[in-house]
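**Student:** Here is the input, now give the coordinates:
(one chain, ligands or ions: 1)
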Amino acid sequence: MTTSSRVAVVIPGTNKLEVMDVTLPDPGPYQVVVEQQASGVCHSQLHQIHSPRKHPVILGHEATGVVLAIGSEVKHVAVGDDVLVTWVPRSPQPEYRPAAAVTLDLPDGTRATSQNVFTWATTTIADEQYIVKAPPGTPKDLGSIIGCAVMTGAGAVLNSAQVKPGESVAVWGVGGVGLSAIAAARQSGANPIIAVDLDDAKLEFAKRFGATLTVNASKGDAVEGVRALTPGERSTDVGGVDHSFDCIGKSITIKQTIGGARSGWWAERRGGSAYLVGVPTEEVTLDVMPLLIGEKRFIGSLGGSSIPEEDFPKFIEWYQKGEFDLDALITERVKLDDINEIVHELEAGKVAGRAILDLS
Ligand SMILES: [Zn+2]
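**Tutor:** Sure, this is the predicted structure:
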């Protein structure tokens, strides 16, 4: 079987993507070939584009599509199934098996590699670990951001933090990941849910997803802003939330999320937690004394600690009940040929929610 695909390839030395016609390899025993409908364009991929490299790479790690072909050992999906592509293994493996690496032969004779999946392509091939059978009712276009943005933001709240009803939450950065975290905080019964960002329009938009209060960090000290909205019960409390999420990954926001987590009461109640959700873009120097004195926790949340086969149906259920406005989360739709333009817009901070590639 010969499967052709149009694939966006990062050309070494240029930091640019070029869309090429390639022939995909036949699926190995554990691989799945997916004809794609849509793919998200994730902020973390910008770091990949700009990393120095000698060889071409293929990117994108969240998508929707239909199974075209499967390897002999693939049991959980069949040809014709609607699926989601993600970068986190779909479920814990009974026995560890490393995912098969994907490389593509390019027309110029070089080879392109992917980290684990590539979705900036009309058709992809991936290890079955990263292919999730789409829950019934998954929207073919909007579903494309579940495999990274939604799972990372919502998973941080559901899995890493396990937010309980009545607990207070602050979310720094209200792009696709942050808005998904806010939506999950509302589903968890959190109160208040504080959105922190630099732009009033984005903060207003966050209220559609469940933010109950907002702090504009361009107009004052964001930590003081969050503390003022969450005064403690005792005269010694300086305020702060139970769960503080950094969905950006910058040094300043990482420090602010730790500052925004409340301090504990010695011997009585431990402090709040700060979660690193956004991908860090720089080395960070931390004053760790407030963590010690406040008995706070600082926790990494990779991909929202998600188990896609368990978590994805929840997100679709929220969507179907009208409680999670996936439609509003997607603010840009472009064709594969316009990949460089949308990447440029993303870098310039001009994408309010999430951008998707229409691959249909
Ligand atoms: Zn991503």
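**Student:** Make sure V157 is indeed in a helix.
**Tutor:** Yes: assessed with DSSP: H, G, I helix; E, B strand; the rest coil, V157 lies in a helix.
**Student:** Now for it, how many residues are close by?
**Tutor:** By other Cβ atoms under 10 Å, 29 other residues sit near V157. (Each C-beta comes from the backbone N, C-alpha and C, glycine too.)
**Student:** Go ahead and confirm it touches A185.
**Tutor:** Yes: under the criterion of Cβ atoms under 8 Å, V157 makes contact with A185 at 5.2 Å.
**Student:** got any residues that touch both of those two?
**Tutor:** Contact criterion Cβ atoms under 8 Å, 6 or more residues apart in numbering; residues shared by V157 and A185: V163, V169, H243.
**Student:** Would you map the strands across the stretch 151-300 of the chain?
**Tutor:** Along the stretch 151-300 of the chain, counting by DSSP state E, counting those that start in this stretch, strands occupy 169-172, 193-197, 213-216, 243-246, 273-276, 297-300.
**Student:** export the ones you listed to CSV and tack on distance to D81 and mean neighbour count?
**Tutor:** Shown next, in CSV, are the strands of the stretch 151-300 of the chain (distance: least, Cβ to Cβ, whole Å; neighbours: other Cβ atoms under 10 Å):
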stretch, distance to D81, mean neighbour count
strand 169-172, 34, 33
strand 193-197, 36, 28
strand 213-216, 41, 20
strand 243-246, 33, 31
strand 273-276, 34, 24
strand 297-300, 33, 15
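**Student:** Can I get stretch 48-62 as CSV, trimmed to CA atoms?
**Tutor:** Output in CSV follows, covering the C-alpha atoms of stretch 48-62 (Å, rounded to 0.1, in the frame of the first residue of the first chain):
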residue,chain,number,x,y,z
GLN,A,48,11.0,23.1,18.4
ILE,A,49,11.1,25.2,15.3
HIS,A,50,13.8,27.4,16.8
SER,A,51,16.0,24.7,18.3
PRO,A,52,19.3,24.4,16.4
ARG,A,53,19.4,21.2,14.3
LYS,A,54,21.2,19.4,11.6
HIS,A,55,18.3,17.4,10.2
PRO,A,56,14.7,18.3,9.0
VAL,A,57,12.0,17.6,11.6
ILE,A,58,8.2,17.1,11.4
LEU,A,59,6.0,18.6,14.0
GLY,A,60,2.4,18.9,15.4
HIS,A,61,1.1,16.7,18.2
GLU,A,62,-2.7,17.0,18.4
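**Student:** Tell me which residues of it come out buried.
**Tutor:** Q48, I49, P56, V57, I58, L59, G60, H61, E62 (16 or more other Cβ atoms under 10 Å).
**Student:** for the residue nearest to G155 when sequence neighbours are not counted, phi and psi?
**Tutor:** Nearest non-adjacent residue to G155, counting by Cβ to Cβ, 6 or more residues apart in numbering: G304, 1.8 Å away. Note on G304: backbone dihedrals following degrees, to the nearest 10 are phi 70, psi 20.
**Student:** residues contacting G304?
**Tutor:** M151, T152, G153, A154, G155, A156, V157, L158, N159, S160, V277, D311.
**Student:** again, but for W265
**Tutor:** The neighbours of W265, taking Cβ under 8 Å, 6+ apart as the test, are R234.
**Student:** where's it relative to E295, distance?
**Tutor:** Distance of W265 to E295, computed by Cβ to Cβ, to the nearest Å: 9 Å.
**Student:** In the stretch 51-200 of the chain, what residue lies closest to the ion?
**Tutor:** C148 (3.3 Å; Cβ to the ion).
**Student:** quick one: pLDDT of the residue lying closest to that residue once chain neighbours are set aside?
**Tutor:** Excluding the flanking residues, the one nearest C148 by Cβ to Cβ, 6+ apart is E62, at 3.9 Å. pLDDT, E62: 97.
**Student:** so what's E62 up against?
**Tutor:** So E62 contacts 39-40, 42, 84-87, 119, 144-149 (Cβ under 8 Å, 6+ apart).
**Student:** Which residue in those has the weakest pLDDT?
**Tutor:** The weakest per-residue confidence within the contacts of E62 falls on C42 (90).
**Student:** ok, for that one, nearest residue in space, not its chain neighbours?
**Tutor:** Excluding its sequence neighbours, the residue lying closest to C42 (Cβ to Cβ, 6+ apart) is C148, at 5.1 Å.
**Student:** care to break this protein down by domain?
**Tutor:** The chain breaks down into these domains under automatic domain parsing: 3-134+326-358, 150-304.
**Student:** who wins for proximity to E317 among these?
**Tutor:** Among the domains of the chain, domain 150-304 comes nearest to E317, with 9.6 Å by Cβ to Cβ.
**Student:** Report the mean per-residue pLDDT for the closest one.
**Tutor:** For domain 150-304, the mean pLDDT works out to 96.
**Student:** How far does that domain stretch from one end to the other?
**Tutor:** 9 Å (Cα to Cα, to the nearest Å).
**Student:** likewise stretch 87-100?
**Tutor:** Terminal residues of stretch 87-100 are spaced 13 Å apart (Cα to Cα).
**Student:** thinking again about what came up before, can you list which of the contacts of E62 are found in strands?
**Tutor:** Using DSSP state E, the members of those that fall in strands are S39, G40, L84, V85.
**Student:** Tell me how far the spatially most distant residue from the centre of the chain lies from W265.
**Tutor:** In the chain, S235 marks the outermost C-alpha relative to the chain mean, sitting 38.6 Å out by Cα atoms, centre = their mean. As judged by Cβ to Cβ, S235 and W265 stand 12 Å apart.
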